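Undergrad: 3D, please:
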Amino acid sequence: MKRIYIAICIAAATVALASCGGKTEQQAETNADTTQTATDNTPYADPAQTMKNEFQAGGHQYEITIHREADKQLPIVSDDLGKKFYDNRVDVTITRDGQDFFKRSYTKEAFESFLSEADKHGSVLLGMAFDSEKTQKDKRIIYLGAQVGQVGIEEGPAFSVEIPLDGSASSIVRDTAQDNTGGDMTD
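TA: Coordinates of the predicted model:
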């Protein structure tokens, strides 16, 4: 009886050690799949993301699609520590009553006239988002919030992209009052 008890304890301890080791290996594999190591020279690419919003104004139904993804054709960006990043491209498509109304691709270059030299070289276009509150209040312009900054820090210059509903030219305005915490941005 005593031998059986000892054998059961040894078997249980072996199983427990093996299962702990398996979890550690699984976690290491998971981490290796989702993060880049310090010696990895491959630039970081933000995951692609798409957001859709709808709203009504002036008797029309609008659908806004914002798609952000890393664009490997754009110049690679390096931060202060030398970490490399692919910059992002944001495609904005707006339909009115199911018909094409507005379509444009944005890169950091669209905001360059507002950026410092450091922001031009060390930051990426973090993303854009539909500003439903401003748009619903105005009802003459579709407002999109945009932000340029360093990856991972999620802070930087904020902008308002203004798309008039009468079809006139869109514009970009530096937005010092914008909530740039990243809560609604495509990040």
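Undergrad: ends of stretch 69-89, how far apart?
TA: Distance between the boundary residues of stretch 69-89 (C-alpha to C-alpha, to the nearest Å) amounts to 6 Å.
Undergrad: for it, which positions count as buried?
TA: By 16 or more other C-beta atoms under 10 Å, the buried positions in stretch 69-89 come out as Glu69, Ala70, Asp71, Leu74, Val77, Asp79, Phe85, Tyr86, Asp87, Asn88, Arg89. Placement of C-beta: from N, CA and C, glycine included.
Undergrad: from those residues, which is closest to Tyr44?
TA: Distance to Tyr44, by C-beta to C-beta, is smallest for Phe85 among the buried residues of stretch 69-89, at 4.9 Å.
Undergrad: Test my guess that the closest one contacts Pro75.
TA: No: contact criterion C-beta atoms under 8 Å: Phe85 and Pro75 do not qualify, at 10.4 Å.
Undergrad: quick revisit: can you tell me which of the buried residues of stretch 69-89 end up in strands?
TA: Glu69, Ala70, Val77, Phe85, Asn88, Arg89 (DSSP state E).
Undergrad: Chain neighbours aside, what residue packs nearest to the third one?
TA: Spatially, and ignoring its direct neighbours in sequence, Val77 is nearest to Phe85 (4.7 Å; C-beta to C-beta, 6 or more residues apart in numbering).
Undergrad: ranges for the strands of the chain?
TA: 49-57, 60-70, 77-78, 84-85, 88-96, 99-106, 124-130, 141-149, 158-164, 171-174.
Undergrad: residues near the closest residue to Lys134 other than its chain neighbours, how many?
TA: Among residues not flanking Lys134 along the chain, Tyr143 sits closest, at 4.0 Å (C-beta to C-beta, 6+ apart). By the criterion of other C-beta atoms under 10 Å, Tyr143 has 21 neighbours.
Undergrad: for Phe130, same thing?
TA: Neighbours of Phe130 using other C-beta under 10 Å come to 23.
Undergrad: Not counting its neighbours along the chain, what's nearest it?
TA: Per C-beta to C-beta, 6+ apart, closest to Phe130 is Asn53, 4.3 Å.
Undergrad: List the contacts of that neighbour.
TA: Glu63, Ile64, Ile66, Phe130, Ser132 (C-beta atoms under 8 Å, 6 or more residues apart in numbering).
Undergrad: Could you give the number of residues near the last one?
TA: Neighbourhood size, Ser132 [other C-beta under 10 Å]: 15.
Undergrad: ok, it touching Ala57?
TA: No: with contacts counted by C-beta under 8 Å, Ser132 stays clear of Ala57, the gap being 11.1 Å.
Undergrad: what bridges to the nearest residue to Leu126 once chain neighbours are set aside?
TA: Excluding the flanking residues, the one nearest Leu126 by C-beta to C-beta, 6+ apart is Gln147, at 4.6 Å. Assessed by DSSP bridges, Gln147 has beta-bridge partners Gly127, Ala158.
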